[in-house]
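# A structural model of the following input is requested.
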Amino acid sequence: MYLKTIIAALAALLLAACNPMAQLNDAEAQVESFHDTYNEGDARALYGRTGEAFREVTSAQDMVDLVALVNERMGKVVSSEREGININSNNGTTTTTVTMKTEFEKGEATETFIFTGSGEDMGLVSWNVDSPNFMGPAEPTGPEDDDAEAHQPAE
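Purely as a prediction, here's the structure:
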């Protein structure tokens, strides 16, 4: 009887530790805050909320460059809606993947956010923006691009 009580108590603790609804709420709050900071143009603040695994492979300057590229091709976030979520706990680590359908000023994209941890300890591991806007060359941005077009042979 005593063993059953201990097992039930441990099971309750494990379930409370990885409450999927709390994890979902935490992840959605992280995404909303990420979008607000992105729209403010503060790439360094975005970098500050990333997890250790992200920072091991991405420098602060890489993040600044990435945010500048996304902003150039997509513009600011206009609206975003969750398309999917996956929560996985393995060996004491909780990984949450959130997929968002996001409308930017310059088009629509599918964003995928991967977080590890939960609550206050939730850190961004990956941010992926998938859009046709990244498929072609950038729009001409300066006089050097205009000169290249001017020197093209006439058809």
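# buried set for the lengthiest strand in the chain?
For the chain, the strand that runs over the most residues, judged by DSSP state E, is strand 77-90. The neighbour-count check on strand 77-90 (16 or more other C-beta atoms under 10 Å) flags 77, 80, 85, 87 as buried. The way it works is simple: take the backbone N, C-alpha and C, and place the C-beta from them, glycine included.
# what's the separation between the third one and Asp121?
Read that as Ile85. As defined by C-beta to C-beta, to the nearest Å, Ile85 lies at a distance of 18 Å from Asp121.
# ok, now the last one?
The span separating Ile87 from Asp121 equals 15 Å under the rule C-beta to C-beta.
# what's the answer for Asn71, then?
29 Å.
# picking up where we left off before, just the C-alphas of the longest strand of the chain, formatted as PDB.
The C-alpha coordinates for strand 77-90 follow below in PDB (Å, rounded to 0.1, in the frame of the first residue of the first chain):
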ATOM      1  CA  VAL A  77       4.900  40.900 -38.200                       C
ATOM      2  CA  VAL A  78       1.200  41.900 -38.900                       C
ATOM      3  CA  SER A  79      -0.500  38.800 -37.400                       C
ATOM      4  CA  SER A  80       0.300  35.200 -36.400                       C
ATOM      5  CA  GLU A  81      -1.800  32.100 -35.700                       C
ATOM      6  CA  ARG A  82      -0.600  28.800 -34.200                       C
ATOM      7  CA  GLU A  83      -0.800  26.000 -36.700                       C
ATOM      8  CA  GLY A  84       0.700  23.200 -34.600                       C
ATOM      9  CA  ILE A  85       2.600  22.300 -31.400                       C
ATOM     10  CA  ASN A  86       4.600  19.400 -30.200                       C
ATOM     11  CA  ILE A  87       5.800  19.000 -26.700                       C
ATOM     12  CA  ASN A  88       8.300  16.300 -25.800                       C
ATOM     13  CA  SER A  89       9.900  15.500 -22.500                       C
ATOM     14  CA  ASN A  90      12.900  13.200 -22.600                       C
END
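# helices or strands next to it in the packing?
helix 20-40, strand 93-104 (3 or more C-beta pairs under 8 Å, 6 or more residues apart in numbering; DSSP states H and E).
# which of the ones you listed sits most buried?
Neighbour counts (mean count of other C-beta atoms under 10 Å) averaged over each of those peak at strand 93-104, with a mean of 18.
# pull up the pairing partners for that strand, direction included.
strand 77-90 (antiparallel), strand 107-116 (antiparallel) (DSSP bridges).
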